[in-house]
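Peer 1: following is a predicted model, sequence given first.
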Amino acid sequence: MAVTLKTLADQVVVVTGASSGIGLTTAEMAAARGAAVVLAARNAEALGTAVDRIRARGGRAIQVAADVSDREQVQAIADRAVQEYGRVDTWVNNAGISVYGELTEVPLADKRRLFDVTFWGVVHGCEVAVPLLRRHGGAIVNIGSVLSDLAAPLQGLYTAAKHAVKGYTDVLRMELRNAGAPISVTLVKPGAIDTPYTQHARNYLPREPKHPKPTYPPEAVAETILRCAERPVREIVVGGLPRVQIAMHTLSPGLADFYARKMMPSAQQTSEPPHSDDSLYEPSREAYGRRRSGTAAGVFGSSAYTRAALSNVMRAAPLVAAVAFATAVYAATRR
């Protein structure tokens with residue numbers, strides 16, 4: 001069955017992890033474009049502020065305080081959306097959390113908690129969204145990472161969780177397609193994004209963590225998510241540099257590993273002692289309600305690569321390449 005997605009102004013959009021960063025930016029941008037938005041996260045106060053701001057600008061929004069690691073709480077998000085708006089058209093699984101530290105130093109309980117939120121939160125969201133979207137079609141947008149394809153020392157568990165998100169997303173897409181379900185399943189893979197991500201992460205390093213340069217604005221990710229809500233896209237990287245890094249890893253994994261091993265530990269730490277309050281188990285008050293970290297340097301204004309990759313011209317490029325390859329093979333066999 002063909003997947004047909006509505007224009008954003010006609011959609012009901014659920015966004016998890018919507019109290020700050022990418023989730024908050026996506027929810028606000030979707031509402032500004034006419035969508036009815038359901039903001040979900042653990043921090044009810046931050047959600048309330050965001051919803052009030054959206055409504056003050058003429059937008060439609062409601063909030064649901066929920067922990068995505070709990071399947072029943074995720075179901076409550078869907079129930080509230082249907083109660084208020086009658087349906088869901090796009091479900092964005094954005095909620096996630098990281099832990100900085102060497103794998104041998106991070107306690108097992110923290111490792112499990114990270115997976116409960118960053119991986120199982122995606123699974124719970126998909127399990128809840130699929131029955132809703134089967135009825136009339138729609139989109140699931142899962143937020144992976146450049147670390148869905150690469151590995152970052154000192155963020156080993158986050159790397160593992162995002163690899164798992166990619167594997168789960170790829171299989172879900174194939175199974176839904178085999179079943180003829182009218183559901184688009186997209187994996188969005190951002191690079192380093194200027195959000196409060198590092199401030200919310202649990203930290204076992206001797207110094208305060210930071211994003212490696214350069215970073216991209218959360219608006220670049222939100223724009224990508226919203227494009228994928230209106231047009232089926234299989235997978236997209238946000239950021240030209242992350243795309244180059246993935247290509248380098250594909251072509252020369254040993255060289256990519258050498259670079260990551262030598263450069264990433266220092267690139268992910270400031271010169272300051274640890275001072276941020278993490279949100280691994282409970283939402284902290286630090287940096288909630290903010291799109292950006294307020295501390296990052298070297299932030300790009302946007303991602304020209306991602307805009308080009310989402311353009312109609314570039315969407316045709318794989319087909320053109322496939323046709324050219326098939327033609328070349330045919331010509332070779334005719335000689």
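Peer 2: On my side now, so go ahead. Numbering: from 1, shown residues only.

Peer 1: count the neighbours of residue 83 for me.
Peer 2: 9 (other CB atoms under 10 Å). Just so you know, the C-beta spots here come from the backbone N, C-alpha and C atoms, and that holds for glycine as well.

Peer 1: let me fix that: residue 252
Peer 2: 12.

Peer 1: now do residue 127
Peer 2: Neighbourhood size, residue 127 [other CB under 10 Å]: 14.

Peer 1: same check, this time on residue 204
Peer 2: Residues near residue 204, counting by other CB under 10 Å: 15.

Peer 1: now do it against residue 101, distance only.
Peer 2: Separation of residue 204 from residue 101 (CB to CB, to the nearest Å): 3 Å.

Peer 1: same question, residue 38
Peer 2: Residue 38 is 34 Å from residue 101, by CB to CB.

Peer 1: same check, this time on residue 140
Peer 2: 31 Å.

Peer 1: please, which helix or strand holds residue 37?
Peer 2: strand 36-41 (DSSP states H and E).

Peer 1: in its sheet, what does that strand sit against?
Peer 2: With DSSP bridges as the test, strand 36-41 is paired with strand 12-16 (parallel), strand 60-65 (parallel).

Peer 1: and among these, the most buried is which?
Peer 2: Ranked by average neighbour count under the criterion mean count of other CB atoms under 10 Å, these are headed by strand 12-16 at a mean of 29.

Peer 1: who touches stretch 146-154?
Peer 2: For stretch 146-154, contacts defined as CB atoms under 8 Å, 6 or more residues apart in numbering pick out 100-102, 155, 158-159, 162-163, 165-166, 187, 189-192, 205, 209, 237, 239, 242, 245-246, 249, 256-257, 260-261, 264-265, 268-269.

Peer 1: okay, it in CSV with CA atoms only?
Peer 2: Taking C-alpha atoms only, stretch 146-154 is exported to CSV below (Å, rounded to 0.1, in the frame of the first residue of the first chain):
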residue,chain,number,x,y,z
VAL,A,146,25.6,9.7,13.7
LEU,A,147,26.5,7.2,16.4
SER,A,148,24.0,4.8,14.9
ASP,A,149,26.8,4.2,12.4
LEU,A,150,30.0,5.2,14.3
ALA,A,151,31.4,4.8,17.8
ALA,A,152,32.4,7.4,20.3
PRO,A,153,34.8,6.6,23.1
LEU,A,154,33.4,7.8,26.5
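
Peer 1: ok now that stretch, how far from the chain's centre?
Peer 2: 14 Å (CA atoms, centre = their mean, to the nearest Å).

Peer 1: buried stuff in that stretch?
Peer 2: For stretch 146-154, the neighbour count (16 or more other CB atoms under 10 Å) marks 146, 147, 148, 149, 150, 151, 152, 153, 154 as buried.
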